[in-house]
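# The following comprises the amino acid sequence and a computationally predicted model.
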Amino acid sequence: GAVVSQHPSRVICKSGTSVKIECRSLDFQATTMFWYRQFPKQSLMLMATSNEGSKATYEQGVEKDKFLINHASLTLSTLTVTSAHPEDSSFYICSARNAGQGAGDTQYFGPGTRLTVL
Amino acid sequence: QKEVEQNSGPLSVPEGAIASLNCTYSDRGSQSFFWYRQYSGKSPELIMSIYSNGDKEDGRFTAQLNKASQYVSLLIRDSQPSDSATYLCAFKAAGNKLTFGGGTRVLVKP
């Protein structure tokens, strides 16, 4: 149980294009999902908190117009990197919090998406 | 001061030995603490969660929490080469957000 998937696992795009990353909770409902970014040899940095049915909450310094988040259902959140540039190249990881009763507050991570912007 | 402090390592341990990882945190209100393991190029996977002072054991892993000292540790017994990874300490902050430490790289040598 508690499986989170991400798609795509790897994407290479040209500068200026937009890239959409999907995060799905496969066997549980997630009212809250989180999007992280990890640069090489650094720890995870939270970008935003995605809440089902409402606007995402962005961390300080993260541009909400550049990183569009949509959480349209209890099992799917999407992150769109708009007008991507080489400095956006990173490992993007989502996590989902199980909303089920007794599930505690554990977050389960997706396998990550490696974005390379040329 | 960083919210979560971890020694970056690498922590080198011989196979079969005990690896001891430490983590300190600044938020006294934290109630939930987690240890994640991250292999190179992969996303983190949960090893342990701990909420109460004391020890919690799960297989070869033991987490220890001391809220008064704002300290959480992880012991890995009978370390195996497959335990070589970066171990991330995290605590739950407001809004159910996780705050991560920088991670400790562990190398288990055969």
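That came through fine.
# Could you pull out the buried residues of stretch B:18-29?
Across stretch B:18-29, burial judged by 16 or more other C-beta atoms under 10 Å in any protein chain shown covers B:19, B:21-25. Where C-beta positions appear, they are placed from N, C-alpha and C, glycine not excepted.
# should've said stretch A:80-94
Using 16+ other C-beta under 10 Å as the test for burial, stretch A:80-94 gives A:81, A:84, A:88-94.
# of those, list those near chain B.
A:91, A:93 (C-beta under 8 Å from any C-beta of the partner chain).
# Can I get the buried residues of stretch B:18-29 in a markdown table including distance to B:Gly41, secondary structure and pLDDT?
Listed next are those as a markdown table, based on distance: C-beta to C-beta, whole Å; DSSP: H, G, I helix; E, B strand; the rest coil; pLDDT from 0 to 100:
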| residue | distance to B:Gly41 | secondary structure | pLDDT |
| --- | --- | --- | --- |
| B:Ala19 | 21 | strand | 97 |
| B:Leu21 | 21 | strand | 97 |
| B:Asn22 | 25 | strand | 96 |
| B:Cys23 | 23 | strand | 95 |
| B:Thr24 | 28 | strand | 94 |
| B:Tyr25 | 27 | strand | 91 |
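# which SS class is whichever residue of chain B sits closest to chain A?
Closest contact between chain B and chain A, by C-beta to the nearest C-beta, is at B:Ser43 (4.2 Å). Here B:Ser43 is recorded as coil under DSSP: H, G, I helix; E, B strand; the rest coil.
# Having no further points to raise, I will conclude here.
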